[in-house]
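Peer 1: give me the fold of what follows.
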Amino acid sequence: MIFDMENLETFSVALPTDMAAEIRAAVQEGDYGSVSDVVQDALREWRVRRKAETLDIGELRRMVQDGIDSGPSLEADAVFARLRARFGQPPAA
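Peer 2: The predicted model follows:
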């Protein structure tokens, strides 16, 4: 994601050693481009979780109905088989 540099704010955050090590490892392994990317991803997930916690039962029912109305689902195994056939097997982790 590209940000307007004028709209950025810097924070100093203290983390437990094990969390800091996990963040560094994620960057070193190439999962993220920087520590900021890790934190921004975590904050996006946090936003989603907070929003989900505030949904009322009516909104949840509407979302379920929207999913049902969107049409039939696909079998995951069939989708992954098509992806593997088209793009090959992913590298072993």
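
Peer 1: residue boundaries of the helices in this protein?
Peer 2: Per DSSP state H, the chain carries helices over the ranges 17-28, 35-54, 57-69, 76-87.

Peer 1: output those as JSON lines; include the columns mean pLDDT.
Peer 2: Formatted as JSON lines, those follow (pLDDT from 0 to 100):
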{"stretch": "helix 17-28", "mean pLDDT": "96"}
{"stretch": "helix 35-54", "mean pLDDT": "92"}
{"stretch": "helix 57-69", "mean pLDDT": "90"}
{"stretch": "helix 76-87", "mean pLDDT": "90"}
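
Peer 1: nearest to residue 7, out of those?
Peer 2: Shortest distance between residue 7 and those, using C-beta to C-beta, is found for helix 35-54: 13.2 Å. Where C-beta positions appear, they are placed from N, C-alpha and C, glycine not excepted.

Peer 1: need the contact partners of stretch 42-56.
Peer 2: Under the contact criterion C-beta atoms under 8 Å, 6 or more residues apart in numbering, stretch 42-56 has outside partners residue 63.

Peer 1: pull the distance from it to the chain's centre.
Peer 2: Taking C-alpha atoms, centre = their mean, to the nearest Å, one finds stretch 42-56 lying 12 Å from the centre of the chain it belongs to.
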